[in-house]
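S.K.: Whatever this is, show me its structure:
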Amino acid sequence: MHVLYHERARFAGDAVAVVAAGTAEAAEGALELIELEYEELPVLFDPEEAMRPHCPIVLHPDFLNYTRPIHGYLGKDPPGPNVHTHYKVRKGNVEQGFQKGQSRSVKNGTAEYQNSIR
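M.R.: Numbering: from 1, shown residues only. Reported below is the predicted structural model:
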């Protein structure tokens, strides 16, 4: 696992370099010497679009060769190039559950970017 982003940063603020120095002034000087070139990547704002099979890969270009959990209930292939693992949960009779349920709620929403490392 890379501590710094390798080959591809995905958003402003991704760690791409580290500086170690004996003093704060030396560290500031070293920061001035770092040169980076960025290339714009395709942007997907709609999660449903990002999961379509033929959309641009916004994760790592070699993503489809990554090792990922393989379990019989997960299926072998993710639904799209930006989906690491697709869990299908099947338990009980869905139609019977809807009939017995007192209310139904269907809602699509969005969430802010989340990172468990911060």
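S.K.: quick one: low-confidence ranges for this structure?
M.R.: By pLDDT under 70, the weakly predicted segments of the chain are 1-2, 59-61, 63-64, 68-79, 84-88, 109-118.
S.K.: How is it divided into domains?
M.R.: 1-40, 43-101 (automatic domain parsing).
S.K.: Dump those domains into CSV; add mean neighbour count as well.
M.R.: Every residue, glycine included, has its C-beta placed from N, CA and C. Compiled in CSV, these are given as follows (neighbours: other Cβ atoms under 10 Å):
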stretch, mean neighbour count
domain 1-40, 9
domain 43-101, 11
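S.K.: Any chance of a markdown table for the ones you listed, columns distance to residue 107?
M.R.: Output for these, formatted as a markdown table (distance: least, Cβ to Cβ, whole Å):
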| stretch | distance to residue 107 |
| --- | --- |
| domain 1-40 | 26 |
| domain 43-101 | 14 |
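S.K.: closest one to residue 108 among those domains?
M.R.: domain 43-101 (8.5 Å; Cβ to Cβ).
S.K.: And that closest one, end to end?
M.R.: Domain 43-101 stretches 40 Å from its first residue to its last (Cα to Cα, to the nearest Å).
S.K.: And for stretch 65-80?
M.R.: End-to-end distance of stretch 65-80: 13 Å, with Cα to Cα as the criterion.
S.K.: and what of stretch 46-65?
M.R.: Between the opening and closing residues of stretch 46-65 lies a distance of 24 Å (Cα to Cα).
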